[in-house]
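Provide a 3D model corresponding to the input given below.
(2 chains)
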2 protein chains.
Amino acid sequence: MRLRDRAKFRQKDTYINGTLSGMSELIIWTYDWVPEGPRGFVRDLRLRWACEEAGLPYSVRTVPFDGRETNHLERQPFGQVPFLNDGDVQMFESGACLLHLARKSEKLMPRDAAGEAETVEWLFAALNSVEMVSVPWWFLEISSAKDNGLTGWLEQRLGHIERILNEREWLAAGRFTVADLLMTDVLRVSKVRAHGDRPATERYVAGVTERPAFKKARADQMAHFASGDETRASA
Amino acid sequence: MRLRDRAKFRQKDTYINGTLSGMSELIIWTYDWVPEGPRGFVRDLRLRWACEEAGLPYSVRTVPFDGRETNHLERQPFGQVPFLNDGDVQMFESGACLLHLARKSEKLMPRDAAGEAETVEWLFAALNSVEMVSVPWWFLEISSAKDNGLTGWLEQRLGHIERILNEREWLAAGRFTVADLLMTDVLRVSKVRAHGDRPATERYVAGVTERPAFKKARADQMAHFASGDETRASA
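Numbers count the residues shown, from 1 in each chain, chains lettered A, B, ... in the order given. As a prediction, this is how the structure comes out:
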């Protein structure tokens, strides 16, 4: 039953130059359109960026933004994006998808046990020690004018990150990894970035977002939603 | 420099029956003591529980609760617990450690690609789609009497979980996995559990916390901190 429901999101056979290819093509799923506000920050960008860093070919498919609360629950049980197809493997949660992509390319994660452990712990830290505070803090900031009860906690977590980034250039394994990609995506949110004076963090975010793979992923996402504007205008 | 700092947390050679063993022993690090409130919920319990489910031998070592903000930053950059040694591999973040343990035992995660993908996506969902809301919500609940600005968001996320658990017994792969362990640990927090009427979730949490491995892990943690009481009393 559940498998049948999911079938409509399964990728078709992939033809490359007219020949059926055995290679599974990565498919990143996102919305067909979003309002101006979240553009450049919808989390399909994390997966686009990882694929660009690794040189992994991918395509992008969409679910309608209208009705998103229920129209793809069989693929993403919270009604969110992104989700990923890799052949028969289907995944949701950007962190899980990033880890999956990182296992496909040494450019995203070193292959030695210690380097992999460092990368994975910092991938989780970006999500569960920083974003777990920064996203609810941001949500309270935009939804009410009252005192934000999470500010002290946020400042404590951002302070730890500032100390770490004062000590080293990259979070894990002495090189760029998927952990930097994710931590940067968490830290680059405008309100978070503007909160407090944290020069090492600012240097880190500015540097990582200068990477060509980030710039391409961001530009592609902006173009994707701009084309959604056109489709909606002509509908 | 960083490696030298970390050396004091490295495990000694492991002797089993007087013979130096090549097997790496798992070491779970936690505090030597915590106040009554968090007992039974300190996250070393997640790792104890996973080891008990998998039959993986482990020992527990401690860092002092007093001075925790700075006394182990070289092992856990946010001053928290748990962290894990597995031979030369060192990790922090309970999610990262659980994934590491899951890769050691099929009892925690199936070995086929689809089953592993489902388990990993739900492991991240427990952390980043549920705990990312429930922990800040809980924090606001205990720290202020005012309206909790995260309640609507929490109810939305818990509603999705209730729907899922109405449809199936386990989150991933049709069987107990480390994703159920983590989701249950997120959902069993008293205030979260008491919030709203969600019978499928209650049945799930009640059922999973009946597992002998959970009961042993919880009892061991309670005993560990009780012995901390005695040490402090005699100090």
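
burial of residue A:51, as a residue count?
24 (other CB atoms under 10 Å in any protein chain shown). C-beta: built from backbone N, CA, C; applies to glycine.

Name the nearest residue to the residue nearest the centre of chain A, ignoring sequence neighbours.
In chain A, the C-alpha nearest the mean C-alpha coordinate belongs to residue A:46, at 2.5 Å (CA atoms, centre = their mean). Closest residue in space to residue A:46, ignoring its immediate chain neighbours: residue A:94 at 4.8 Å, by CB to CB, 6 or more residues apart in numbering or on different chains.

residue contacts, that neighbour?
Contacts for residue A:94 (CB atoms under 8 Å, 6 or more residues apart in numbering or on different chains) come out as A:43, A:46, A:47, A:82, A:182, B:128.

Select, from these, the two members most distant in space.
A:47 and B:128 (14.6 Å; CB to CB).

what about the two, which has more around it?
Counted by other CB under 10 Å, residue A:47 and residue B:128 do not tie: residue A:47 has more neighbours, with 28 against 22.

Can you classify the residue nearest to the centre of chain A by secondary structure?
Under the three-state scheme (DSSP: H, G, I helix; E, B strand; the rest coil), residue A:46 adopts helix.

Can you check the pLDDT for it?
Per-residue pLDDT puts residue A:46 at 98.

Likewise for residue A:144?
75.

Just confirm residue A:61 is within a strand.
Yes: inclusion of residue A:61 in a strand is indicated when three-state DSSP is applied.

Surely it is in contact with residue A:26?
No: checked against CB atoms under 8 Å, the pair residue A:61 and residue A:26 is beyond contact range at 10.9 Å.

who's more crowded, those two?
residue A:26 (24 against 13).

Apart from its neighbours in sequence, what residue is nearest the more buried one?
Using CB to CB, 6+ apart, the closest residue to residue A:26 is residue A:58 (3.9 Å).

which residues of chain A fall in helices?
Secondary structure of chain A (DSSP state H): helices located at A:2-6, A:44-54, A:94-102, A:113-125, A:132-143, A:151-167, A:178-187, A:190-194, A:199-208, A:212-234.

Show me how chain A divides into domains.
In terms of domains, chain A is parsed into A:2-107+A:213-234, A:113-211 (source: automatic domain parsing).

Endpoints of the shortest one, how far apart?
Same thing as domain A:113-211. End-to-end distance of domain A:113-211 (CA to CA, to the nearest Å): 26 Å.

Off-centre distance for that domain?
Domain A:113-211 has its C-alpha centroid displaced from the chain centroid by 14 Å (CA atoms, centre = their mean, to the nearest Å).

cool, stretch A:72-85 as well?
Worked out by CA atoms, centre = their mean, stretch A:72-85 lies 14 Å from the chain centre.

end to end, how far does that stretch reach?
14 Å.

picking up where we left off before, tell me which of the helices of chain A sits nearest to residue B:212.
helix A:113-125 (27.6 Å).

where are the low-confidence patches of chain A?
A:1-24, A:145 (pLDDT under 70).
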